[in-house]
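Visitor: Sharing a model prediction with you, sequence too.
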Amino acid sequence: MSHEHAHEHHHDHPLEGGHYHGHEHDAKPAAGSEPDGLVTTAAGTIEIEHLHFHYPDGTEALIGVDLRVEHGEKVAIVGPNGAGKSTLLLHLNGIHGPSHGVVRIGGVLVERGTVRRIRAVVGLVFQDPDDQLFSPTVFDDVAFGPLHMGMARERIHDRVEAALASVGMSGFEARVPHRLSLGQRKRVAMATVLSMEPAILAFDEPTAGLDPRGRRGLIRLLDQMQQTLLVSTHDMPLVAEAFPRTVVMDDGRIVADGPTDRILSDGPLLEAHGLERP
Ligand code: ADP
């Protein structure tokens, strides 16, 4: 089973599922793209315009979201449960397709014809690592993306080692993913996208379930990253420490977007949206 198929099993509304209305072909390379079609890190821009999304049961999860994130920016998304944070992240690599509006990654419209290419550019790490891990060994899970891209074996080995090292999981290559602790599984799930060296990393609640050491290691990792980061979290101290910009969502809308110190010092705003000062 491929990662893409794993995603489809866990999310009932994939872009490939026929709910998407775009028909443009994947003809125009992104700004900063290589001749072989791989988009470089210069393409780590996210543009979301007037995004609406409703689930098949009619739930309006996103209601007119506009968001632009520049290459290399680190942006936290906060807001109460049900605000639409996960749904928004799932649009970045085409797991969900907009009911209305557009999502562009490095200038490329996310749609059926571009979704494969987009998934090499946007590394999305789900809240639940079991949505991401399905191979018999940690090595196989982390190697899956580069292998799928057709990378040579020796390079894949280096990618896997580097990805595991960056999440503090070197030495776990031969282990069975589903027998690891939750914190370890979360770190391996992260390595499965880091091995692709994506220009954009989108994490859904990355610190949930991590012990203090794992959390500290993650914060260090986030600090070192050159990629564009879009991270949904309830961990307000993490937001204060690692993200210069914060977006507040509630009820399917962005209700505030600005420098983190300004957002986190706005008591009435935080209170109105069920958030705590770090
Ligand atoms: P958050 O990540 O901020 O907690 P979500 O994006 O998970 O919010 O959810 C946004 C809204 O969409 C909520 O009202 C939630 O109940 C609804 N929702 C999420 N997943 C589904 C689904 N598969 N089917 C129907 N409604 C859903």
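Guide: That came in fine, so what should we check first? Numbering: from 1, shown residues only.
Visitor: all strands in the stretch 1-150 of the chain, in order from the N-terminus.
Guide: For the stretch 1-150 of the chain, the strands defined by DSSP state E, counting those that start in this stretch cover 46-54, 60-69, 74-78, 100-105, 108-109, 122-125.
Visitor: and of those, who's closest to the ligand?
Guide: strand 60-69 (3.5 Å; Cβ to the nearest ligand atom). Placement of C-beta: from N, CA and C, glycine included.
Visitor: That closest one pairs with which strands?
Guide: Sheet pairing of strand 60-69 (DSSP bridges) gives strand 46-54 (antiparallel).
Visitor: Quick check: buried residues in the strand it pairs with?
Guide: 46-48, 51, 53-54 (16 or more other Cβ atoms under 10 Å).
Visitor: try stretch 93-106
Guide: Quick answer for stretch 93-106 (16+ other Cβ under 10 Å): 93-99, 101, 103-106.
Visitor: got it, and stretch 241-257?
Guide: Going by neighbour count (16+ other Cβ under 10 Å), the buried part of stretch 241-257 is 242-243, 245-250, 252, 254, 256-257.
Visitor: Stretch 181-195 too?
Guide: Neighbour count says stretch 181-195 has 183-195 buried, by 16+ other Cβ under 10 Å.
Visitor: cool, stretch 163-170 as well?
Guide: Buried, per 16+ other Cβ under 10 Å, within stretch 163-170: 163-164, 166-169.
Visitor: closest to residue 238 among the residues you listed?
Guide: Using Cβ to Cβ, residue 167 comes nearest to residue 238 of the buried residues of stretch 163-170, at 16.0 Å.
Visitor: Now do the same contact list for the closest one.
Guide: If you count contacts by Cβ atoms under 8 Å, 6 or more residues apart in numbering, residue 167 has them with 187-188, 190-191, 194, 217-218, 221.
Visitor: returning to what we had before: max pairwise distance over the buried residues of stretch 93-106: which two?
Guide: 99 and 106 (23.2 Å).
Visitor: ok, and which of the contacts of residue 167 reach the ligand?
Guide: Here nothing survives when the contacts of residue 167 are matched to the ligand using Cβ under 6 Å from any ligand atom.
Visitor: In JSON lines: those, plus secondary structure and distance to residue 73.
Guide: JSON lines is the format used below for the contacts of residue 167 (DSSP: H, G, I helix; E, B strand; the rest coil; distance: Cβ to Cβ, whole Å):
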{"residue": "187", "secondary structure": "helix", "distance to residue 73": "24"}
{"residue": "188", "secondary structure": "helix", "distance to residue 73": "26"}
{"residue": "190", "secondary structure": "helix", "distance to residue 73": "19"}
{"residue": "191", "secondary structure": "helix", "distance to residue 73": "23"}
{"residue": "194", "secondary structure": "helix", "distance to residue 73": "18"}
{"residue": "217", "secondary structure": "helix", "distance to residue 73": "22"}
{"residue": "218", "secondary structure": "helix", "distance to residue 73": "18"}
{"residue": "221", "secondary structure": "helix", "distance to residue 73": "17"}
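Visitor: Just send these back as TSV, with distance to residue 119 and pLDDT too.
Guide: Shown next, in TSV, are the contacts of residue 167 (distance: Cβ to Cβ, whole Å; pLDDT from 0 to 100):
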residue	distance to residue 119	pLDDT
187	21	92
188	18	96
190	16	95
191	16	96
194	14	95
217	26	87
218	23	87
221	21	88
